[in-house]
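Enquirer: fold the stuff below for me.
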Amino acid sequence: MTDGIVELDITGMTCASCANRIERKLGKLPGVTATVNYATEKAQVQVAADGPADPAALIAAVESAGYGATVPAPPADTTADRDTEVDPAAALRRRLVVSAVLAVPVVVLSMVPVLQFPNWQWLALTLAAPVAVWGALPFHRAAWVNARHGAATMDTLVSVGVLAAFGWSLYALFFGDAGATGMHMTFSWIATDPEATDLYLEVAAAVTVFILAGRYMEARAKQQSGAALRALLELGAKDATVLRDGVEQRVPASTLVVGDVVVVRPGERIPSDGLVQDGSSAVDRSMVTGESVPVEVGPGDRVTGATINVGGRLVVAITRVGADTELARMGRLVEDAQTGKADVQRLADRVSGVFVPIVIALAVLAFVGWIVLGGSVTAAFTAAVATLIIACPCALGLATPTALLVGTGRGSQLGILIGGPQVLEQTRGVDTIVLDKTGTVTTGEMTLRAVVAADGVPDEDAVLRLAAAVEHGSEHPVARAVLRAAEARHLDVPTAEQFESTAGAGVQAVVGGDVVLVGGTRWLTSSWAIPVPDAVTAAITAAETDGGTAVVVARNGSVQGVVVVGDTVKPEAADAVARFVALGLHPVLLTGDNEGAARAVAAQVGIDEVHARATPASKLDTVRRLQAEGRSVAMVGDGVNDAAALAAADLGIAMGAGTDAAIAASDITVVSGRLTVVADAIRLSRSTLGIIKGNLFWAFAYNVAAIPLAMAGLLNPVLAGAAMAFSSVFVVTNSLRLRRFAPRP
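Expert: Predicted structure coming up:
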């Protein structure tokens, strides 16, 4: 097979060590590189041409490691069975509730001597046994599966710790003095007292409950962190009104095909991507782009599936369906981002891969050390059990994926698509932001700026009327600007005949029996030998200096005047540039326009460094030259001519209204196309990276500080179990803070 990506759904993972082990197992196959995400329970497998051609080989490799794997089913109607979906945390919740009800009396009896009636320990055993065996069964089962494959994971630590505490208690009850009537025990947070009790039933029960509670809260938090992506994928319309042979039919949206014509009434969602054929309306695109202001659309305008028609009736021709739609593409981008790993997380994975064997060795060392140094067997056992239980590689494994789930999900709600964890690391070092002009800083839509009539011409409307008559046959941006201006002024535009266009120069036609030319000065003088008056030449020079584009209008060899059009700077562009500067970024304007137009736009938005008359090749050269100067460059663009520069930049940001080539070459896509959202995208990326680093710091710091305390006998195993559960929950809840990220107004 050719190089490709295979995605697998993984079952049976219980901690980060499991994910690391599956990665290593898949990586042993020839031509295979895998990334396994514990939080999303997915594996993204890259298979080279010399790799296995059948996904069954990949599934077999995962199963040989003791886990399950399946190829995800093709996407279907995600809402069809929403009401019958099973809560994946429900079984864990039942196990937790039953275990907690049984464990609380055991802990209370063990910790409060005044409540210890004669033979209380046998009641404690009766209550603790189901917790240590059935309640902790998921840990025992996973530990056994891993042991059969010669591996040890987080579950190994929990299972060994619980079984050791429970087994020691059974020995003390049946073969020691702990079963005697009238036996009392006291509770201590530390284990340095040689007279400490021989019973550890409360440890076996409480640790199981704490770990189950941590797993349950972790599962719930993971569901919440992926809620944004699920909400995005569920935005699509359920039904559509198809127009067939003039008759409207209501059909499931999933049955639409390219070429279908649908009717969208006010308040309905547009069922799929398409082009408006008839009608005009305002469309609310906030669910896809994050922009709250509806956009006016009419015949010929492109509309996106899942957006809401808030105005009039629209007739839309479907152009993309299913996996090809904009919504599906956004979902894939977000999901791909969430399955990746940052370099800092790969370091954590390597640590967690060897962590469990090291912890087991440390537990043995703690037990032997206490005995050698003259400590009691009870204190040595307590220190060993606490060491097993306190160590938690789960927090390390959750540090990156949970933050990515929340950060990229929140980004999708705001119309910001982040390409992956590597993108987050790239935003940290960016110090220069290069902005393409047309379509990025400006709207990319020409508008009329001025009309200058030559001497002897009645007024500027006469000039504009002639220009509009000739330009009626052209699709050039200048022609569209002229026609819109004539329509806005309600001019009576005459009909033109014998239209001809000279590419890159001008157009000509016969209007009312007169030959009318509209084009550049060089074309008129060189091709038609028409002299341009000095006054008109001065107007052209002034227009180009101010950033405009001037076209001359001539009739029967005589210049009638000049029409000046120009691109419009986006209203938010100056504010966006100010935000870039506040983020520590140096803005650079890069455009293929002339120097005058580029400087004029740069002055309006507050940019000092300008590179004009840039070709696609020179845009790439400019980015590379800036990088050679030691700068870390972010490139923002929207056109095909920006694709190479976007790909070469340290961080490529594509405007969502741009071309597919630009979007494919970028690291971040701003769906709305608003420049201020680019600043929000950088802020969100940096915030997500900051959360990841904070998670990893506390996960490492927790283990570095806690394990020596446990080995020294300064932690009761019950406290160790609670602390271990809290560490994982802390990492997940810390990541959930990203849900509150808000764009600046």
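Enquirer: show me the shaky parts of the stretch 601-745 of the chain.
Expert: Applying pLDDT under 70 to the stretch 601-745 of the chain picks out residues 639-641, 657-666, 716-718, 720-722, 724-725, 728.
Enquirer: how about the strands in it?
Expert: Applying DSSP state E, counting those that start in this stretch to the stretch 601-745 of the chain gives strands spanning 609-611, 633-637, 651-655, 668-670.
Enquirer: do the stretch 1-150 of the chain as well
Expert: For the stretch 1-150 of the chain, the strands defined by DSSP E, counting those that start in this stretch occupy 4-11, 32-37, 42-47, 68-70.
Enquirer: go through those and name the closest to Thr208.
Expert: Nearest of these to Thr208, taken as C-beta to C-beta: strand 4-11 at 22.4 Å. (Glycine included, C-beta is placed from N, CA and C.)
Enquirer: what is the mean pLDDT for that closest one?
Expert: Regarding strand 4-11, the rounded mean pLDDT is 82.
Enquirer: before we move on, what about stretch 216-228?
Expert: The pLDDT scores in stretch 216-228 average 60.
Enquirer: try stretch 431-448
Expert: Over the span of stretch 431-448, the pLDDT mean works out to 84.
Enquirer: can you give me the strands in the stretch 351-500 of the chain?
Expert: Ranges of strands within the stretch 351-500 of the chain are 416-418, 432-436, 442-453, 496-502, based on DSSP E, counting those that start in this stretch.
Enquirer: got the contact list for the last one?
Expert: When you say that, I think you mean strand 496-502. With contacts defined as C-beta atoms under 8 Å, 6 or more residues apart in numbering, strand 496-502 is touched by 469-470, 472-474, 507-511, 516, 519, 523, 527.
Enquirer: is it true that His611 touches Thr591?
Expert: Yes - in this structure, His611 is within contact of Thr591 by C-beta atoms under 8 Å, at 7.4 Å.
Enquirer: thought Val470 was touching Val510?
Expert: No - using C-beta under 8 Å, Val470 is not in contact with Val510, being 9.2 Å away.
Enquirer: identify the contacts common to these two.
Expert: Residues touching both Val470 and Val510 (C-beta under 8 Å, 6+ apart): Ala496, Val516.
Enquirer: higher neighbour count, those two?
Expert: Between Val470 and Val510, Val470 has the larger neighbour count (other C-beta atoms under 10 Å), namely 29 against 16.
Enquirer: tell me who's in contact with that one.
Expert: Ala496, Phe499, Val507, Gln508, Ala509, Val511, Val516, Leu517, Val518.
Enquirer: closest one of the residues you listed to Ala103?
Expert: Using C-beta to C-beta, Val507 comes nearest to Ala103 of these, at 85.5 Å.
Enquirer: nearest to Ala582, of the strands of the stretch 1-150 of the chain?
Expert: Checking the strands of the stretch 1-150 of the chain against Ala582 by C-beta to C-beta gives strand 32-37 as the closest, at 34.1 Å.
Enquirer: tell me which residues of the closest one come out buried.
Expert: Val32, Ala34, Thr35, Val36, Asn37 (16 or more other C-beta atoms under 10 Å).
Enquirer: do a quick rundown of the helices in the stretch 301-450 of the chain.
Expert: 326-339, 343-372, 377-390, 394-413, 421-429 (DSSP state H, counting those that start in this stretch).
Enquirer: name the nearest residue to Ala481, ignoring sequence neighbours.
Expert: Closest residue to Ala481 apart from its sequence neighbours, by C-beta to C-beta, 6 or more residues apart in numbering: Met446 at 3.7 Å.
Enquirer: kindly report the same for Leu173.
Expert: Nearest residue to Leu173, sequence neighbours excluded (C-beta to C-beta, 6+ apart): Gly179, at 4.3 Å.
Enquirer: so what's Ala485 up against?
Expert: Contacts for Ala485 (C-beta under 8 Å, 6+ apart) come out as Thr447, Leu448, Leu464, Ala468.
Enquirer: measure it to Ala479 for me?
Expert: 11 Å (C-beta to C-beta, to the nearest Å).
Enquirer: what about the helices in the stretch 1-150 of the chain?
Expert: Counting by DSSP H, counting those that start in this stretch, the stretch 1-150 of the chain has helices at residues 16-27, 55-64, 90-111, 120-130, 137-148.
Enquirer: just the buried positions in the longest one, please.
Expert: Of the residues in helix 90-111, those buried by neighbour count under the rule 16+ other C-beta under 10 Å are 92, 95-96, 98-100, 102-103, 105-107, 109-111.
Enquirer: ok, back up a step: Ser280: which of the strands of the stretch 351-500 of the chain is closest?
Expert: The closest of the strands of the stretch 351-500 of the chain to Ser280 is strand 442-453. By C-beta to C-beta, the value is 17.7 Å.
Enquirer: other SSEs contacting that closest one?
Expert: Contacts defined by 3 or more C-beta pairs under 8 Å, 6 or more residues apart in numbering; DSSP states H and E place strand 442-453 against helix 460-471, helix 477-488, helix 534-545, strand 558-569.
Enquirer: about what we covered before: nearest to Val315, of the helices of the stretch 1-150 of the chain?
Expert: helix 55-64 (42.7 Å).
Enquirer: just the CA coordinates for the closest one, please, in PDB.
Expert: Taking Å, rounded to 0.1, in the frame of the first residue of the first chain, the C-alpha atoms of helix 55-64 are listed here in PDB:
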ATOM      1  CA  PRO A  55      -5.400  -3.100   9.200                       C
ATOM      2  CA  ALA A  56      -5.900  -6.600  10.600                       C
ATOM      3  CA  ALA A  57      -2.200  -6.800  11.200                       C
ATOM      4  CA  LEU A  58      -2.300  -3.600  13.200                       C
ATOM      5  CA  ILE A  59      -5.300  -4.900  15.200                       C
ATOM      6  CA  ALA A  60      -3.500  -8.200  15.900                       C
ATOM      7  CA  ALA A  61      -0.500  -6.300  17.200                       C
ATOM      8  CA  VAL A  62      -2.600  -4.300  19.600                       C
ATOM      9  CA  GLU A  63      -4.400  -7.500  20.800                       C
ATOM     10  CA  SER A  64      -1.100  -9.200  21.300                       C
END
